[in-house]
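Colleague: predicted model, plus sequence, below.
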Amino acid sequence: MRLTAPLTLTLLLANSLGAQAHEPLPQLQAYKVQPSWLTPIEPVQISDHVWQIGTANITALLVKTEQGALLIDGGMPQVAGLLLANMKKLGVAPGDLRYILHSHAHADHAGPLAAVKRATGAQLISNAESAVLLARGGSNDIHFGDDILFPPVQADRLLQDGEAIKLGGMTLTVSFTPGHTPGSMSWSWTDTRKGAAVRTVYADSLSAPGYQLVGNPAYPKLLETYLRSAELVRKLPCDLLLTPHPDQSGWNYADAAQPHPRPLTCAAYADAAQQRWKQQVQEQQAKPKP
């Protein structure tokens, strides 16, 4: 029997594919983190109106006022129930949460925001850069690609740099501090503690985990951006520093007796980041070119 041309090509292609068969490609892997990022703790009071309600080693701040409450950051997607439970312990019903703010749109901080927004009806406030990443659930991240996904969520309001959110006598001002992500934000406000005013800064991460700091085609001026953000953080009015990863600002939320054993100033935080970037650049420049 004589094979027709299309059938011959089909058989040749099938034989070729069979000869080159490989093992199946790997399964998708979940984003795995340190156990302390998922370890529940009791709420930790930071100042008269502010509480840490997240896990042992990820910050989620609840700001309570007589006109309602707001949340800054959440943690991993799995902690939505913990946040709501800790809010209840502090007398904040779901309907009392008015606003949700955040630092940056990575799964370990923005992970539960969709669930909390759905459960409370609170308005999610972001900026244009972060809103894009939030809406696509962290996919197509400049540095991580699709490796650290989270439930997507839509922002209700977009901020400009320097805008303030006011609620029940508290005024929280946003400062854009891009670098860790293009839309990274830091927050500052004044609260009280033992009758004294406390100028508080929640500074976003200044770390660059594995980032290509120089010559990054996706973020050509990344190092310069980081340096500007560090200088901005350095100049913020800062009696008390908090960060999304608490150990970076000397906090240990799991120690109820002494949750802030190594207080750090905003200037010291910026200095430490700059030293890390310097070392990181040196290491990257020392690597042989491909």
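Modeller: Great, that's in hand. This one's a predicted model, so the numbers in the text were calculated from it and none came from an experiment.
Colleague: gap between the helix or strand where residue 45 lies and the chain center?
Modeller: With elements taken from DSSP states H and E, the one containing residue 45 is strand 44-47. Taking C-alpha atoms, centre = their mean, to the nearest Å, one finds strand 44-47 lying 20 Å from the centre of the chain it belongs to.
Colleague: what do you get for stretch 89-99?
Modeller: The answer for stretch 89-99 is 22 Å, by C-alpha atoms, centre = their mean.
Colleague: with stretch 94-114 instead?
Modeller: On C-alpha atoms, centre = their mean, the centre of stretch 94-114 falls 10 Å from the chain's centre.
Colleague: please identify the buried residues of it?
Modeller: 96-114 (16 or more other C-beta atoms under 10 Å). Bear in mind the C-beta positions are built from the backbone N, C-alpha and C, glycine included.
Colleague: take the residues you listed and keep only those in helices.
Modeller: 107, 108, 109, 110, 113, 114 (DSSP state H).
Colleague: for the fifth one, give me its contacts.
Modeller: Read it as residue 113. 74, 100, 102, 124, 134, 153 (C-beta atoms under 8 Å, 6 or more residues apart in numbering).
Colleague: redo that, cut-off 6 Å
Modeller: 74, 100, 153 (C-beta atoms under 6 Å, 6 or more residues apart in numbering).
Colleague: the fourth one now?
Modeller: When the contact criterion is C-beta under 6 Å, 6+ apart, the partners of residue 110 are residue 102.
Colleague: mind checking how far it is from residue 210?
Modeller: According to C-beta to C-beta, to the nearest Å, residue 110 stands 20 Å off from residue 210.
Colleague: name the strands paired with the strand ranked longest in the chain and say parallel or antiparallel.
Modeller: Taking DSSP state E as the criterion, the chain has its longest strand at strand 185-193. Neighbouring strands of strand 185-193 in its sheet, by DSSP bridges, are strand 170-176 (antiparallel), strand 196-202 (antiparallel).
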